[in-house]
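> whatever this is, show me its structure:
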Amino acid sequence: MKEFLKNDTVTYNLMSFTGYKTLVLFSLLTEGPKSYHEVSRYFAEHPFLHEKISLDTLRVYINSFRHAGCLVKRIRDNGVSKYYIPEHPFKLKISDTQKKSIIKIYRTLTKNLAAEELIMLDLLLLKLSSYIDDYEFVNNYKKVSILNKVNIDIVRQLLECCNNKKQIVVSYNSPNSGIKDIELQTKRLIYNNNKLYVRARGLEYEQDTDFLVNRIVEIKSISDAEDNEQTNKEITVTYRLKTSGVMPVLNSNEKILERGIDYAIIELTGDNLFYIKQRLLEHGSECTVLEPEDFKQNYVELLKEMREEYSKRDTTSTLK
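As a prediction, this is how the structure comes out:
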């Protein structure tokens, strides 16, 4: 310390060899069982230490590890005592109650947070799980994670592209036509029905569509978006929903206009008819469109077409 205060310089002589040797020994014992002779030889051949240690000194270090909370075990191998640290003492440990609470809280948040916020939460939990030596917890977390079965690097790229409204070309594994290149103008990431989508305007057909992230094989190119996007006309739909006293989670573009004992009148605003219809279909027979009248008639026609299609399938199945 006097030398440091005098010269304001850290030199080789100022190294704490006791602390350094402790770290070296800690590293050795976490690798696997080591005998006194193996440790002493390693210290003697070390490029900085160049010295052996006595058996008593080794015991002092081991006792220090134990006082610090490390589990140090000893085994006999062909009559020779060997010491090792079976588990890393700096691994994060959580109780069974904490594990269940984390999973429960995560499930609740998936119903209330936007996709971007969920991804940030997931990346945090993913990093946290790397410090937890608990296979059961990590496995259970991955089952409910919105990043399950998706390429995390692609998710990171998509998130950045959506934030900056970038235009991208992706290799997409379509269930109907196989792998093909699609040019997209990115908008935002969406989590719906336990799946992660990227909402983007497909430049081939000039229409907004949700693309499953786990079907994106590769992002081939990223560029600034061209200023040629058409603006869709916004539409507001009002519908009545049977609730049985329990309200479902609403999307950010929905709001309650009226609330009864077993129903709710909800206003839904959007600029894409496909997404509006999909949202209404999620509610099934519990949903009744009230207005506007032209959309209501269009929606009724869609339901009739769907009924006819299912009737045809039932008839065909019976004939077979």
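> which residues outside the helix or strand containing E267 are in contact with it?
Element membership for E267 (DSSP states H and E) is strand 263-270. The contact list for strand 263-270, computed with Cβ atoms under 8 Å, 6 or more residues apart in numbering, reads 234-243, 247, 250-251, 253-259, 276, 279-280, 290. Quick note: C-beta positions are derived from backbone N, CA and C, even for glycine.
> mind checking which of the residues you listed are in strands?
235-242, 254-259, 290 (DSSP state E).
> just the buried members of these?
237-241, 254 (16 or more other Cβ atoms under 10 Å).
> for K255, list the residues it contacts.
With contact taken as Cβ under 8 Å, 6+ apart, K255 is in contact with 266-267.
> ok, what's across the strand from it?
E267 (DSSP bridges).
> and it, how far is that from E31?
To E31, K255 is 60 Å away according to Cβ to Cβ, to the nearest Å.
> now L196
L196 is 40 Å from E31, by Cβ to Cβ.
> and N298, what element?
helix 293-319.
> report the distance from that helix to the chain centre.
38 Å (Cα atoms, centre = their mean, to the nearest Å).
> coming back round to it: quick one, which of L196 and E31 is more surrounded?
Between L196 and E31, L196 has the larger neighbour count (other Cβ atoms under 10 Å), namely 24 against 10.
> so the more buried one touches N148, yeah?
No. Judged on Cβ atoms under 8 Å, L196 makes no contact with N148 at a distance of 9.1 Å.
> helices and strands around the biggest strand by length in the chain, which ones?
Of all segments of type strand in the chain, defined using DSSP E, the longest is strand 178-192. Strand 178-192 sits against helix 115-129, helix 152-163, strand 166-174, strand 195-202, strand 207-212, with contacts defined as 3 or more Cβ pairs under 8 Å, 6 or more residues apart in numbering; DSSP states H and E.
> the first one versus helix 152-163: what angle between them?
Helix 115-129 and helix 152-163 meet at an angle of 150 degrees, taking axes from the mean of the first three to the mean of the last three Cα atoms, to 10 degrees as the criterion.
> which other helices and strands contact helix 115-129?
Using 3+ Cβ pairs under 8 Å, 6+ apart, helix 115-129 sits against helix 96-110, helix 135-144, helix 152-163, strand 178-192.
> pull the distance from that helix to the chain's centre.
Distance, centroid of helix 115-129 to centroid of chain: 5 Å (Cα atoms, centre = their mean).
> try the last one
The chain centre lies 21 Å from the centre of strand 207-212; the measure is Cα atoms, centre = their mean.
> if we go by neighbour counts, what in that strand is buried?
208-211.
> got it, and stretch 132-148?
Those would be 132, 134, 137-138, 141, 145-147, for stretch 132-148 by 16+ other Cβ under 10 Å.
> shaky segments in the stretch 151-300 of the chain?
Flagging of the stretch 151-300 of the chain using pLDDT under 70 yields the residue ranges 204-206, 226-232, 245.
> same list, the buried residues of stretch 132-148, but as a markdown table with pLDDT and distance to L303 please.
Below are these laid out as a markdown table (pLDDT from 0 to 100; distance: Cβ to Cβ, whole Å):
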| residue | pLDDT | distance to L303 |
| --- | --- | --- |
| I132 | 75 | 49 |
| D134 | 76 | 49 |
| F137 | 81 | 45 |
| V138 | 81 | 44 |
| Y141 | 83 | 40 |
| S145 | 86 | 35 |
| I146 | 85 | 31 |
| L147 | 85 | 35 |
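> beta partners of V80?
D77.
> circling back to that earlier point, now for the helix holding N298, which elements pack on it?
Looks like helix 293-319 contacts helix 273-282, strand 287-291 (3+ Cβ pairs under 8 Å, 6+ apart).
> got TSV for those, with distance to I216 too?
TSV is the format used below for the helices and strands packed on helix 293-319 (distance: least, Cβ to Cβ, whole Å):
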stretch	distance to I216
helix 273-282	19
strand 287-291	31
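> so which of these is nearest R307?
helix 273-282 (12.6 Å; Cβ to Cβ).
> and the closest one, how far from the chain's centre?
27 Å.
> how about it: buried residues?
Within helix 273-282, the residues scored as buried using 16+ other Cβ under 10 Å are 275-277, 279-280.
> now, the most widely separated pair of the residues you listed?
Y275 and L280 (9.9 Å).
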